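Student: Give the three-dimensional model of this entry:
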Amino acid sequence: MRYLMCLIGFLSLVACNGGSNGNSASDSLATQQSTATIGEDAVKADPQRYTVEFENDRVRIIRIKYGLGEKSVMHTHGPHVLILLTENTIRMTLPDGTSEELTGEAGAANWGDATEHLPENLSDHPVEAILVELKE
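Tutor: From the prediction side, this is the model:
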């Protein structure tokens, strides 16, 4: 269950332009940390990596994209289903400071309860996922 929650959180972070804006991952992280608050929704906390593809009164579908070595900020996700579009290895840091390395295969789908975490792409390639958050 913890693996699923962490993996889903990571994928939610992976959703934007994959860090192809010319800045290093550490530069973009420093900028995000200065503007994001702990516990903030992933799309608001890290819009570079999380983008809304579709939303209605029942679901929100988020594309997650992380470039090589990119790290997000602490953020939240509601109850969700995570679909990995690429294989990945991530480090998931939780609010209490503990962290865990997780791996996932392309095509894997998992359920996750609401969670708060900070993901980091440890893969040797960009990673991408789709996160489907349930509103009801």
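Student: From here on, just use CA atoms for contacts and neighbour counts.
Tutor: Noted.
Student: Determine the three-state secondary structure at the most far-flung residue of the chain relative to its centre.
Tutor: Here the centre of the chain is the reference, and by Cα atoms, centre = their mean the most remote residue is Asp57, at 21.9 Å. Three-state assignment for Asp57 (DSSP: H, G, I helix; E, B strand; the rest coil): coil.
Student: looking at it, it is touching Glu133, isn't it?
Tutor: No: applying Cα atoms under 8 Å, one finds Asp57 not in contact with Glu133, separated by 11.0 Å.
Student: now the helices for this protein?
Tutor: Along the chain, the segments classed as helices by DSSP state H run 2-13, 25-35, 42-45.
Student: ranking these by mean pLDDT, which is last?
Tutor: Mean pLDDT is lowest for helix 25-35 among these, at a mean of 38.
Student: ok, what's across the strand from Arg60?
Tutor: Glu55, Glu133 (DSSP bridges).
Student: My guess is it contacts Tyr50. True?
Tutor: No: applying Cα under 8 Å as the test, Arg60 and Tyr50 come out as separate, 11.6 Å apart.
Student: who's more crowded, those two?
Tutor: A count of neighbours by other Cα atoms under 10 Å puts Tyr50 above the other of Arg60 and Tyr50, at 30 against 17.
Student: so how far is Ile64 from the more buried one?
Tutor: Going from Tyr50 to Ile64 by Cα to Cα, to the nearest Å gives 5 Å.
Student: likewise Val73?
Tutor: Distance from Val73 to Ile64, by Cα to Cα: 14 Å.
Student: Of the two, give the one with the bigger neighbour count.
Tutor: Ile64 (32 against 26).
Student: Tell me the predicted confidence for that one.
Tutor: 98.
Student: wait, it sits on Val132?
Tutor: No: the criterion here is Cα under 8 Å, and Ile64 misses it with Val132 at 10.8 Å.
Student: any idea which helix or strand of this structure has the worst average confidence?
Tutor: helix 25-35 (a mean of 38; mean pLDDT, DSSP states H and E).
Student: and for Ile64 and Val132, which residues touch both?
Tutor: Listed contacts common to Ile64 and Val132 are nil; contacts here mean Cα atoms under 8 Å, 6 or more residues apart in numbering.
Student: doesn't Tyr66 make contact with Asp124?
Tutor: No: counting by Cα under 8 Å, Tyr66 is not a contact partner of Asp124; they are 11.2 Å apart.
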